[in-house]
Every structure is written in C-alpha cells, then in structure tokens.
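1. Next input, structure requested:
(4 chains)
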Protein chains: 2
Amino acid sequence: MGDHDRQETMQEIVAAMSSKGWRITDQRRSLAALFAEAKGYLSPKDVYEHMRLKYPGVSFDTVYRNLRLLSEMGVLEQFYFNEGLKFRARCQSHHHHHLICMKCEKTVSFEFCPMKQIPNLPEQFDIVSHRFEIFGYCSDCSPNLKETSKNA
Amino acid sequence: MGDHDRQETMQEIVAAMSSKGWRITDQRRSLAALFAEAKGYLSPKDVYEHMRLKYPGVSFDTVYRNLRLLSEMGVLEQFYFNEGLKFRARCQSHHHHHLICMKCEKTVSFEFCPMKQIPNLPEQFDIVSHRFEIFGYCSDCSPNLKETSKNA
DNA sequence: TTAGATGCAAAACTTTTGCATTGGT
DNA sequence: ACCAATGCAAAAGTTTTGCATCTAA
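-> Reported below is the predicted structural model:
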C-alpha cells in the first residue's frame, strides 16, 4: 500500500467521522492517520502509546471511546488475538478475506470467498455474516520462506 | 447430539486430562460434564456460576486456571463474542467448520472446508491454520425461519 | 507420602463512567 | 455561544499471582 493510498484512507476515515456529525479533533485526526498507516493490528495500548507521542496529555478513556465509536461506524474492525483485542482499518472497497501473519500481524487480502462455493448447508439457517481468515507467516517472518522463495 | 455422545465427550475430556498426568478432581469432572453437555459457548462467569451450584466454595481463579489449561491442551476452543471470551468443547473427531447462532450461540457443524477449494494465493505465505465460521440465526431463533421451514 | 490442585485474598490489568473543562463548529 | 469531546479520577470488571491448605494418585 503506497503513501497515496494511505492518505486516501486517512481522509476517508476523517470524512466518515465528519459525515456522521462528529467533530474532527486533533486526537481523532491523529487516530485516523495512525490506522491509515498501520499495516497490522493495533491494541488499545498500542494506540494510546502512539497517540501520546503527539498528544502527551491524551487519556486512555478517549482512546477507548474513539475506538468503540469507530468500530460501531464500521471504520475499524476488531480482532481478538491471544494477547487480546486489536483493531485495524476496515477495507471499505469490496468484500474480501485476509492472510494474517502470526508474527508481525501484517495482513494480505485475497479475493476468494468461500460463500460463493459453499454447497447445501446441513440445516435451515438464516445467514447474516461470515468470517474466513488464514493464519501463518508472511515471507518476511517465515523461516521456511526466508531464504528460498522470498526473492523468487 | 444425544446423551450417549455427550457422555463420550465427557469421558474423552476426563481421559485427556488424565493422560496428561493431571489429577481428576471433582471440580474438573464437573467442568468436563458441563462442557460435554453445553450446546453453545460459555463465558468464564457462566462456568463459575454452573460450578458453584455443585461446589459452592469453588473459586474464580480455579475456573480460570482450568479453562486456560484445557484450552492449551486443545480440549476447549476459545471464541470472542462481543460480550467477551467464551469457551466450548472442541470437536476432536475430524476437521470441520461451524454455523454459529448469534442469539442462542448454538453451533452446527458442516463439512465444507474452503482450504480445499482455494486457488493460488496472492503471495508467498507459510500457512499454519485457518478459521471459517458462518454467523446467523438457527431455525429456533430466526423470525424468518420460525414459521415457514422449521417443520418442513 | 507428596506433588499438584484448590481457596482465599490481594494485585494487576482492562475498560467504563461521572463530571468539570476545553475546543470545534 | 453551544454542545460535543476531552482529561481526570475513580469505579467496575476481568484475569492473574502468592501462599497456605487440602487431596488424588
């Protein structure tokens, strides 16, 4: 993802907040920038620490409030790792799924969606949503891929 | 799942604990029975409340310790709902995925696995695991399915 | 008998709430 | 100027830890 895309995402997030009638504070702009640039998932503590660099007085509850609001808006998506809840900017463009690196938590999108392939389900069920993620190690983090295929 | 199957699962859980050299205490037997019978997911608090019926003196940290140990053993699987972390007995028989009812949290297995269908991924990735769940409402909980197809 | 499991109490950590102040619109 | 957002402090909730006691093997 290049800088241009990130900038778009940052402005998309700000625009989304603004369109809901929310005020664009420095902290929220900073939040938007942070998630637009992040390649992986961020914990509330990560976010707090990042924010504190620019805004030393930022409070923990403001971080939580904004994370919750942005999640409810659909701008952020939540994911529970073993270490706890983390957040990342939700892809707004189109439906797809992710490879998630278990070490650096970088995510890579792919287009294949199992719901298009799924055959008859075992019983009546009113389907609302689904999730499909693949976990493993990206080429930077995998000892198997490191030497051999990374530069192939 | 009939009573016979549940009993098998209960004994499987006890056997798994025993085979790891763990002692089979009354509390652990009770835990095993609880998860063997549960149709859906249980929060630590659910487990604590259930256990307290039989063992009024049971402590919260014992519940947490055993939930963690059983998860690490692979007997239980964890899942984060909006309300927080919950547990259920992991299906040991064979690989499959689940429909999860968003109201009663009942789960229904199905055999289709997207990993058998997936085409070439966008980049080198050392795959370790995956998750695929479908969320919605079961026939008992869905207003759409309630009248029409439930008894079909 | 004895190492492991439990209960208790307290600590650590995470997330939420109430309220006065600040700051975007 | 107005009202939403923030910072602060404290509360509420969740999970972990240390240690003496108990108990399954």
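
2. mind listing what A:E123 touches?
-> With contact set as CB atoms under 8 Å, 6 or more residues apart in numbering or on different chains, A:E123 has these partners: B:99, B:108, B:138-139. In short, each C-beta sits where N, CA and C put it, glycine included.

3. In strands, which of those residues fall?
-> B:99, B:108, B:138 (DSSP state E).

4. Identify, from these, the entry nearest to B:F132.
-> B:L99 (10.7 Å; CB to CB).

5. and the residue lying closest to the closest one once chain neighbours are set aside, how many neighbours?
-> Closest residue to B:L99 apart from its sequence neighbours, by CB to CB, 6 or more residues apart in numbering or on different chains: B:V108 at 4.3 Å. A count of nearby residues for B:V108, using other CB atoms under 10 Å in any protein chain shown, gives 18.

6. Who are the contact partners of A:F132?
-> Neighbour list for A:F132: A:97, A:113-114, B:114, B:130-132 [criterion: CB under 8 Å, 6+ apart].

7. How about A:P44?
-> A:60, A:63-64, A:67, A:85, A:87.

8. follow-up on the earlier one: export the contacts of A:E123 as TSV, with columns for distance to A:G40 and pLDDT.
-> Shown next, in TSV, are the contacts of A:E123 (distance: CB to CB, whole Å; pLDDT from 0 to 100):
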residue	distance to A:G40	pLDDT
B:L99	29	92
B:V108	33	88
B:C138	34	90
B:S139	39	90
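
9. Show me the domain layout of chain A.
-> A:3-89, A:97-151 (automatic domain parsing).

10. Please identify which of the ones you listed is closest to DNA strand C.
-> domain A:3-89 (3.3 Å; CB to the nearest atom of the strand).

11. circling back to that earlier point, does the residue nearest to B:L99 touch B:H98 like I think?
-> Yes. Counting by CB atoms under 8 Å, B:H98 is a contact partner of B:V108 at 6.6 Å.

12. Tell me who's in contact with the most centrally placed residue in chain A.
-> The centroid of chain A falls nearest to A:R88 when counting by CA atoms, centre = their mean (2.1 Å). By CB under 8 Å, 6+ apart, the contact set of A:R88 is A:35, A:38, A:40-42, A:76-77, A:79, A:107.

13. residues near A:L31, how many?
-> So A:L31, with other CB under 10 Å, has 28 neighbours.

14. Show the contacting residues for it.
-> By CB under 8 Å, 6+ apart, the contact set of A:L31 is A:13, A:47, A:51, A:63, A:66, A:70.

15. Same question for A:H95.
-> For A:H95, the contacting residues are A:C113, by CB under 8 Å, 6+ apart.

16. Same question for A:Q92.
-> A:E12.

17. Phi, psi for it please.
-> phi -90, psi -20 (degrees, to the nearest 10).

18. Let me know the pLDDT of it.
-> We have a pLDDT of 76 for A:Q92.

19. and what of A:R29?
-> pLDDT recorded at A:R29 is 94.

20. Same check on A:P122?
-> 68.

21. quick check, stretch A:70-81 touching chain B?
-> Yes. Contact of stretch A:70-81 with chain B (CB under 8 Å from any CB of the partner chain) involves A:Y80.

22. Could you tell me the average pLDDT over that stretch, please?
-> For stretch A:70-81, the per-residue pLDDT averages 90.

23. Now A:M51: which helix or strand?
-> helix A:44-54 (DSSP states H and E).

24. which parts of that helix are buried?
-> A:44, A:46-48, A:50-51 (16 or more other CB atoms under 10 Å in any protein chain shown).

25. again with stretch A:64-73
-> A:66-67, A:70.

26. that older thread, considering the contacts of A:F132, which possesses the most neighbours?
-> Among these, A:H97 has the most neighbours (other CB under 10 Å), with 23 neighbours.

27. Test of understanding: give the bridge partners of that residue.
-> Beta-bridge partners for A:H97, by DSSP bridges, are A:F110.

28. ditto for A:K86
-> Beta-bridge partners, per DSSP bridges, of A:K86: A:F79.

29. Correct me if wrong: it contacts A:V47.
-> No. Contact criterion CB under 8 Å: A:K86 and A:V47 do not qualify, at 9.4 Å.

30. which SSE is the residue lying closest to A:K54 once chain neighbours are set aside in?
-> Take A:K54 and drop its neighbours on the chain: the residue closest to it by CB to CB, 6+ apart is A:S30, 5.5 Å away. Under the criterion of DSSP H and E, A:S30 resides in helix A:26-37.

31. Tell me the buried residues in that helix?
-> Buried-residue list, helix A:26-37, by 16+ other CB under 10 Å: A:27-28, A:30-36.

32. Can you confirm whether that helix lies near DNA strand D?
-> Yes. If you take CB under 7 Å from any atom of the strand as the test, helix A:26-37 does meet DNA strand D, through A:27-28.
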